[in-house]
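In: Sequence and predicted structure are below.
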Amino acid sequence: MQQLAYPVNEVFETIQGEGVYTGVPAVFVRLQGCPVGCSWCDTKQTWEQEPENEISIKDLSAKSAEAPTWSYLTAKQLLDLCQSQGYVAKHIVITGGEPCIHDLLPLTDAFISEGYSVQIETSGTFEIKAAAACWVTVSPKVDMRGGYDVLESALQRADEIKHPIAKQSHIDDLDRLLEPLSETGELADKTICLQPISQLPRATELAIKTCIQRNWRLSIQAHKYLNIE
Ligand SMILES: C[S@@+](CC[C@H](N)C(=O)[O-])C[C@H]1O[C@@H](n2cnc3c(N)ncnc32)[C@H](O)[C@@H]1O
Ligand SMILES: Nc1nc2[nH]cc(C(=O)O)c2c(=O)[nH]1
Ligand code: SF4
Ligand SMILES: [Mg+2]
């Protein structure tokens, strides 16, 4: 059977800068394509998958700056790339773009079979098709494209809910989203993180204050403070 190929924007090794795994060395696989359209998105170069921006795997591995270029890779080619690049991290973060527009089962199974731990960063606007052992981080996008039914089941699957915030109404949105999970007791084994949008000082202040009040985690996008990828 032919292996599923994924459009990949970039593959790089760095320190996870967000959420529960902050500080953990990781290989990031950034997939191309996202229809959600958050105005403050820091990876707008991944939104469109334009045929004229397709590049070779060799050019993808040499890529050093943000660009809307992408290359098709199978899970096997991604595993081989990690080896040929000499990556040592054993934690894989699949992000995007919106990775869940793709069927992530073959990709996540392949890395887990090779002994990696795998994490998915998703907006929760598309059905999550991934290995059961994956750590799923859902960053809810309220009022964005994608159905609420999907978001509800994504939140149920989530190990971590990492909410981007700039103002109090974003925290109110999160409270509304969490209510059903709280009533069923499903919230108990999930970690809630607040992530200030774009390092804005007022957003950061609000996130700190709310995290202390609610006993939630603060996620500060450490890579941006460190000027690493
Ligand atoms: C670029 S997104 C890609 C994965 C997926 N589409 C999602 O939204 O979760 C990765 C993470 O970055 C967050 N993010 C994107 N732009 C941001 C910004 N300007 N400030 C803070 N967080 C941001 C998202 O909410 C998400 O948690
Ligand atoms: N260092 C680092 N940590 C991250 N955590 C989530 C990221 C993402 O863009 O999904 C990201 C990223 O782009 N860089
Ligand atoms: S869902 Fe994620 S990748 Fe898509 S626009 Fe929003 S933050 Fe960016
Ligand atoms: Mg990022």
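Out: Noted; the coordinates are in hand. Ligands and ions are numbered 1, 2, ... in the order given.

In: Residue 209: what secondary structure?
Out: In terms of secondary structure, residue 209 is helix; the call rests on DSSP: H, G, I helix; E, B strand; the rest coil.

In: burial count for it?
Out: Residue 209 is surrounded by 12 other residues when neighbours are defined as other Cβ atoms under 10 Å. C-beta coordinates here come from the backbone N, C-alpha and C atoms, glycine included.

In: What pLDDT is listed against it?
Out: Reading off the confidence values, residue 209 has pLDDT 98.

In: Kindly report the same for residue 173.
Out: Looking at residue 173, its pLDDT reads 94.

In: wait, is it part of a helix?
Out: Yes: Residue 173: assigned to a helix according to three-state DSSP.

In: Spit out the contact partners of it.
Out: For residue 173, the set of contacting residues under the criterion of Cβ atoms under 8 Å, 6 or more residues apart in numbering consists of 140, 142, 163.

In: Among those, which one sits closest to ligand 3?
Out: Distances from ligand 3 to the contacts of residue 173, taken as Cβ to the nearest ligand atom, are shortest for residue 140 (9.9 Å).

In: between the contacts of residue 173, which is nearest residue 59?
Out: Distance from residue 59 was checked for each of the contacts of residue 173 by Cβ to Cβ. The minimum falls on residue 140, at 34.8 Å.

In: Against residue 66, how distant is that closest one?
Out: When Cβ to Cβ, to the nearest Å is applied, the distance between residue 140 and residue 66 equals 25 Å.

In: Pick out whichever of these two has more residues nearby.
Out: The neighbour count for residue 140 versus residue 66, taken as other Cβ under 10 Å, is higher for residue 140 (22 against 15).

In: what about the more buried one, is that helix, strand or coil?
Out: Applying three-state DSSP to residue 140 yields a three-state assignment of coil.
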